[in-house]
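Undergrad: Here's my sequence, what's the structure:
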Amino acid sequence: MRITVEISLTLFNSIFDNKTTQKLTFKDFDSFEKALYGLSERRIKTKKDAPLMSPAVYKENTTRSNKNVDRWSRWCAMDVDDYKGDLNDVRNIFNGYRFICYSTASSKIDTPKFRVVFPLTTTIHNEKISGFIYALQKLFGNIGDEQTKDLSRMFYIPAKYDGAYNFIFSGDGKYINPESLIAKYPYKQKGGNSFFDRLPEDMQKEIIEHRKSKLDNTNINWSSYKNCPYFPKQLEKEYRMINNTGWYHKMYQIMVATAGNAIKNKYPITAQEITTLCRELDVETGNWYKSRPMEKEADRALEYVYKNI
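TA: So this is what the prediction gives:
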């Protein structure tokens, strides 16, 4: 069943345009979708020639900046620039949710780059946007561009860009509920809250390398996640019980737990070893990570553990 929610957006002529007076409203997400499909047929030489759109609704008589964002309208977008795999598998990643996926100007057939637009059940007020962006990334296993944290972020419209691998397709499903998503994946504010975070970046790297040098328990062997002494069996059971969404977030928890268990026991586990263990479980349970950069996420898990030992 379709939900009727009004969709509004702010338009910009270029990345240098900071005027917030150009606005457009659609009666529902289907109408917005139809407009995006229409735009996707237009030929544009480069993205420099394309206008941009934003879900941000600004305070009256202000220019584009984070502090002037009042709220996001009932839609959001996620950029995916590091996707590795078959484009046909993208539908599986966002399965169960309503979405529009379209290529960006830098998309190539061997390295597709795309943007995914989602409808929301409600608007998101300024103070909750950062938490929502974090939660959205967690919902889909950090597949999106982690730099997309700007409250006033703009997105280039879909088009047939010269020299690009152009495409657009949609998926049906439920609308994202911002409040529920934020509650499911609470945002922990980074920066300055811990002693480690307040250290200079070079010093942080030295401390991490020092911690790695202390891991000398190398006489450990396993042939599978099933007999790996560091693999979290309880989290594995929870992962197997998931039947709708949440695979990516739970897999990341498994990665962190595996890294933590190994490092506590002074075993210098690598991102490749974590990836191999988790990939084996994934193959047995649906192959959700078939086209995802799992080793990149394992790297993040290791870094998190080393910083928080």
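Undergrad: From K67, how far out is N18?
TA: Per CB to CB, to the nearest Å, N18 is found 13 Å from K67. Backbone N, C-alpha and C define where each C-beta goes, glycine included.
Undergrad: These two: who's more crowded?
TA: The residue with more neighbours, out of N18 and K67, is N18; 13 against 9, by other CB atoms under 10 Å.
Undergrad: for the chain, what are the low-confidence residue spans?
TA: Within the chain, the segments meeting pLDDT under 70 span 1-3, 146-149, 188-195, 197-198, 244-245.
Undergrad: hey, C-alpha coordinates of stretch 203-223 in PDB?
TA: C-alpha atoms of stretch 203-223 as PDB (Å, rounded to 0.1, in the frame of the first residue of the first chain):
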ATOM      1  CA  MET A 203      50.000  10.000  18.300                       C
ATOM      2  CA  GLN A 204      46.800   7.900  17.900                       C
ATOM      3  CA  LYS A 205      48.600   5.900  15.100                       C
ATOM      4  CA  GLU A 206      51.700   5.400  17.300                       C
ATOM      5  CA  ILE A 207      49.600   4.100  20.200                       C
ATOM      6  CA  ILE A 208      47.700   1.700  17.900                       C
ATOM      7  CA  GLU A 209      51.000   0.400  16.400                       C
ATOM      8  CA  HIS A 210      52.400   0.000  20.000                       C
ATOM      9  CA  ARG A 211      49.300  -2.000  21.000                       C
ATOM     10  CA  LYS A 212      49.700  -4.200  17.900                       C
ATOM     11  CA  SER A 213      53.300  -4.900  18.700                       C
ATOM     12  CA  LYS A 214      52.300  -6.400  22.100                       C
ATOM     13  CA  LEU A 215      50.200  -9.100  20.400                       C
ATOM     14  CA  ASP A 216      52.500 -12.100  20.400                       C
ATOM     15  CA  ASN A 217      50.100 -15.100  20.900                       C
ATOM     16  CA  THR A 218      50.500 -16.500  17.400                       C
ATOM     17  CA  ASN A 219      50.300 -20.200  18.100                       C
ATOM     18  CA  ILE A 220      46.500 -20.300  17.300                       C
ATOM     19  CA  ASN A 221      45.000 -22.200  14.400                       C
ATOM     20  CA  TRP A 222      41.500 -22.800  13.000                       C
ATOM     21  CA  SER A 223      39.900 -24.000   9.800                       C
END
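Undergrad: List the buried residues for that stretch?
TA: Buried residues in stretch 203-223, counted by 16 or more other CB atoms under 10 Å: 204, 208.
Undergrad: Can you give me the domain boundaries for this protein?
TA: Listed by automatic domain parsing, the domain ranges of the chain are 7-184, 195-307.
Undergrad: Tell me the span between the first and last residue of the first one.
TA: Taking CA to CA, to the nearest Å, the span from the opening residue of domain 7-184 to its closing residue is 25 Å.
Undergrad: For the remainder of this discussion, apply numbering that starts at 42.
TA: Done: numbering now begins at 42, and the last item shifts to domain 48-225.
Undergrad: For the residue sitting furthest away from the middle of the chain, which three-state class applies?
TA: Distance from the centre of the chain peaks at N260, with 37.1 Å (CA atoms, centre = their mean). Three-state assignment for N260 (DSSP: H, G, I helix; E, B strand; the rest coil): coil.
Undergrad: And it, how far from D203?
TA: N260 sits 58 Å away from D203, going by CB to CB.
Undergrad: Return the residues in contact with I217.
TA: Listed by CB atoms under 8 Å, 6 or more residues apart in numbering, the contact partners of I217 are 117, 138, 159-162, 177, 180.
Undergrad: If we use 6 Å, what do you get?
TA: Listed by CB atoms under 6 Å, 6 or more residues apart in numbering, the contact set of I217 reads 159, 161.
Undergrad: All the helices of the stretch 142-291 of the chain, residue numbers only.
TA: Ranges of helices within the stretch 142-291 of the chain are 167-180, 219-225, 236-239, 242-254, 274-282, 288-305, based on DSSP state H, counting those that start in this stretch.
Undergrad: what about these, which gets the closest to G212?
TA: Evaluated over the helices of the stretch 142-291 of the chain, closeness to G212 peaks at helix 167-180, with 14.5 Å, by CB to CB.
Undergrad: For the closest one, name the packing helices and strands.
TA: Packing contacts for helix 167-180, counted by 3 or more CB pairs under 6 Å, 6 or more residues apart in numbering; DSSP states H and E, involve helix 219-225.
Undergrad: what would the helices of the stretch 142-291 of the chain look like in TSV with distance to K75?
TA: Output for these, formatted as TSV (distance: least, CB to CB, whole Å):
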stretch	distance to K75
helix 167-180	24
helix 219-225	24
helix 236-239	46
helix 242-254	47
helix 274-282	39
helix 288-305	30
